[in-house]
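Peer 1: Quick check, what structure comes out for this input:
(one chain, ligands or ions: 1)
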Amino acid sequence: MELYYEDPYLKSFTSKVNSVSYSNSHALIVLEKTAFFPGGGGQSHDTGIIVGKKGSAKVVETRMEKNIVVHLCSLNGVIEQGEGVQCRIDWDRRYELMRAHTAQHMFFQCLSRFFKDLYVVKDNIDVGRHALFIRSPEQIDFARLAEAEKLANQVIKEGRRVIVRWMKKEEAAKGDFRIKLDRIKGNEVRVVEIEGFDKSACSGVHVLSTNEIGLLAVTRITKEGNEHTLEFEFGDKARDFLLDMKKIGMSASSILQTYPELLERTADKLKQENLTLSEQLKELNEALLSKLEPTQKGGIKIYSKIFSGMDAKKLMDKAGELIKEENVLVILGNKGEKGFLLIAKNQKMNVDLNSIAEKAFRVMEGKGGGKEYFMSGAGKAEKLEEAVGLVINEIGDLHD
Ligand SMILES: [Zn+2]
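Peer 2: Now for the predicted structure:
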């Protein structure tokens, strides 16, 4: 008997043991009736404890096997077939899953009111992670998402009843609600309705009223193609998340010397400015690179310059071109998050570039590699000047 459907709030119950079998280190217990939910509709299973006269069994997983609820347990002592047992489900876990599941149904409906042609791929209702996987032909933008969240919190506040009904499969097939008919075994369909708001075929365990959810907030959205994963929190965790976001918003606006309500506009403006500046820097860099002039040291032409915001590939191409000329040494650097340095020479030159480069990369606290006439690597950006200076000195020492 499925007590979890009869009374979803039943935390403890007595039952009779129908059978006990063993699989690896676990005992598999079947009870005459149970409130342990075996999982379903994306909702994770229950855990808890079964206590007998001569032992107890910690229920680590509950699953449905051939229409029978099996409790996978770690046994302490003995539980015997036929004996009466006291059972208790882990209520904190179950109640989180129930609230999350109702929240998920309700929130999908809210989203459907703002985004066209949404489709639930699956949902994942587990402890600590509540996620909704949806397919949407449209981009899930933050403005409409916020509207959907507002509606969800309104529906929570209204305390709408959650009603569960069983209906015949052929009747359900005619209904205008979410149902994946191919997944339904048997002739009966369990339908969960959030009164006057949402209806869906579902085998999960739900709360009785939407106000038990407390508060709902989407905490993360990830996207792959047109499939979106929306993770959400509710109750105290949603409140903590929102307070954290508020702190981040206020702190970021203080850094950018603006008001929180202008943060998006400021961020957008900065992004545009940054793009323009990057373009200008790129042009400037290219002009500088094309006008690179050498200095002479002991009969060697040295091309040396440190750039910032320059593409390393461009520096390498340029160096490759310059070293075609005899007696040429090239030392080019770029300052970014890290410092990039390349040292190259004409292949005929009798200079041990390897040992010089090694010293330079050591100065930068980084490492490099390459061919004996063309070495490059990365290290600390603030040590670039020192490293370039060292290379020039070493070359000087060789030829003075
Ligand atoms: Zn469901």
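Peer 1: At the contact with the ion, which residues of the stretch 101-250 of the chain appear?
Peer 2: Contacts of the stretch 101-250 of the chain with the ion, taken as C-beta under 5 Å from the ion, map to 202, 204. Backbone N, C-alpha and C define where each C-beta goes, glycine included.
Peer 1: which residues in the stretch 101-250 of the chain form strands?
Peer 2: Secondary structure of the stretch 101-250 of the chain (DSSP state E, counting those that start in this stretch): strands at 119-126, 129-135, 162-168, 188-194, 198-201, 216-224, 227-234.
Peer 1: can you put these in JSON lines and add mean pLDDT and mean neighbour count?
Peer 2: Listed next are these as JSON lines, based on pLDDT from 0 to 100; neighbours: other C-beta atoms under 10 Å:
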{"stretch": "strand 119-126", "mean pLDDT": "90", "mean neighbour count": "16"}
{"stretch": "strand 129-135", "mean pLDDT": "94", "mean neighbour count": "19"}
{"stretch": "strand 162-168", "mean pLDDT": "93", "mean neighbour count": "14"}
{"stretch": "strand 188-194", "mean pLDDT": "92", "mean neighbour count": "19"}
{"stretch": "strand 198-201", "mean pLDDT": "93", "mean neighbour count": "21"}
{"stretch": "strand 216-224", "mean pLDDT": "95", "mean neighbour count": "15"}
{"stretch": "strand 227-234", "mean pLDDT": "95", "mean neighbour count": "20"}
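Peer 1: Could you dump these into a markdown table and include distance to residue 71?
Peer 2: Output for these, formatted as a markdown table (distance: least, C-beta to C-beta, whole Å):
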| stretch | distance to residue 71 |
| --- | --- |
| strand 119-126 | 19 |
| strand 129-135 | 24 |
| strand 162-168 | 23 |
| strand 188-194 | 22 |
| strand 198-201 | 26 |
| strand 216-224 | 32 |
| strand 227-234 | 28 |
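Peer 1: now residue 8, what's its secondary structure?
Peer 2: coil (DSSP: H, G, I helix; E, B strand; the rest coil).
Peer 1: so what's it closest to, chain neighbours aside?
Peer 2: Spatial nearest neighbour of residue 8, excluding adjacent residues (C-beta to C-beta, 6 or more residues apart in numbering): residue 205 at 4.8 Å.
Peer 1: Mind pulling the model confidence for the closest residue to the ion within the chain?
Peer 2: Going by C-beta to the ion, the ion is nearest to residue 202 of the chain, at 3.2 Å. On the pLDDT scale, residue 202 is placed at 91.
Peer 1: Am I right that it is in contact with residue 41?
Peer 2: Yes. Contact criterion C-beta atoms under 8 Å: residue 202 and residue 41 qualify, at 4.5 Å.
Peer 1: More neighbours: which of these two?
Peer 2: Taking neighbours as other C-beta atoms under 10 Å, residue 202 and residue 41 compare with residue 202 leading, 24 against 20.
Peer 1: distance of that one from residue 5?
Peer 2: To residue 5, residue 202 is 11 Å away according to C-beta to C-beta, to the nearest Å.
Peer 1: shared neighbours of those two, anything?
Peer 2: residue 190 (C-beta atoms under 8 Å, 6 or more residues apart in numbering).
Peer 1: so where do the helices sit in this structure?
Peer 2: Using DSSP state H, the helices of the chain run over residues 3-6, 91-112, 142-158, 169-174, 235-255, 263-290, 312-322, 353-363, 384-399.
Peer 1: Distance-wise, check residue 281 relative to residue 342.
Peer 2: Distance from residue 281 to residue 342, by C-beta to C-beta: 19 Å.
Peer 1: Between these two, which is the more surrounded one?
Peer 2: residue 342 (22 against 14).
Peer 1: Excluding residues flanking it in the chain, which one is nearest that one?
Peer 2: Nearest one to residue 342, counting by C-beta to C-beta, 6+ apart, is residue 376 at 3.9 Å.
Peer 1: which residues does the one you found contact?
Peer 2: So residue 376 contacts 312, 316, 340, 341, 342, 343, 368, 369, 370 (C-beta under 8 Å, 6+ apart).
Peer 1: quick one, what contacts the fourth one?
Peer 2: In this case it means residue 341. 331-333, 360-361, 364, 368, 376-379, 384, 387-388.
Peer 1: before we move on, the earlier item: got the contact list for the residue of the chain closest to the ion?
Peer 2: 41, 101, 105, 190, 191, 192.
Peer 1: In a markdown table: those residues, plus distance to residue 392.
Peer 2: Converted to a markdown table, these look like this (distance: C-beta to C-beta, whole Å):
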| residue | distance to residue 392 |
| --- | --- |
| 41 | 70 |
| 101 | 69 |
| 105 | 70 |
| 190 | 79 |
| 191 | 80 |
| 192 | 76 |
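Peer 1: Can you report how many residues lie near residue 79?
Peer 2: So residue 79, with other C-beta under 10 Å, has 22 neighbours.
Peer 1: Just want to check the distance between the spatially closest residue to it that is not a sequence neighbour and residue 327.
Peer 2: Spatial nearest neighbour of residue 79, excluding adjacent residues (C-beta to C-beta, 6+ apart): residue 52 at 4.4 Å. Here the distance between residue 52 and residue 327 works out to 91 Å (C-beta to C-beta).
Peer 1: And residue 201, by the same measure?
Peer 2: 81 Å.
Peer 1: where does the stretch 151-300 of the chain dip in pLDDT?
Peer 2: Under the criterion pLDDT under 70, no range of the stretch 151-300 of the chain is flagged.
Peer 1: what's the pLDDT at residue 370?
Peer 2: Confidence score, pLDDT, at residue 370: 93.
Peer 1: ok, now residue 355?
Peer 2: At residue 355, pLDDT is 90.
Peer 1: same deal with residue 350?
Peer 2: The model's pLDDT for residue 350 equals 86.
Peer 1: Any idea how many residues pack against it?
Peer 2: The burial count for residue 350: 6, using other C-beta under 10 Å.
Peer 1: Repeat that for residue 271.
Peer 2: Using other C-beta under 10 Å, residue 271 is surrounded by 10 other residues.
Peer 1: swap in the one 3 residues further on?
Peer 2: When neighbours are defined as other C-beta under 10 Å, residue 274 has 10 of them.
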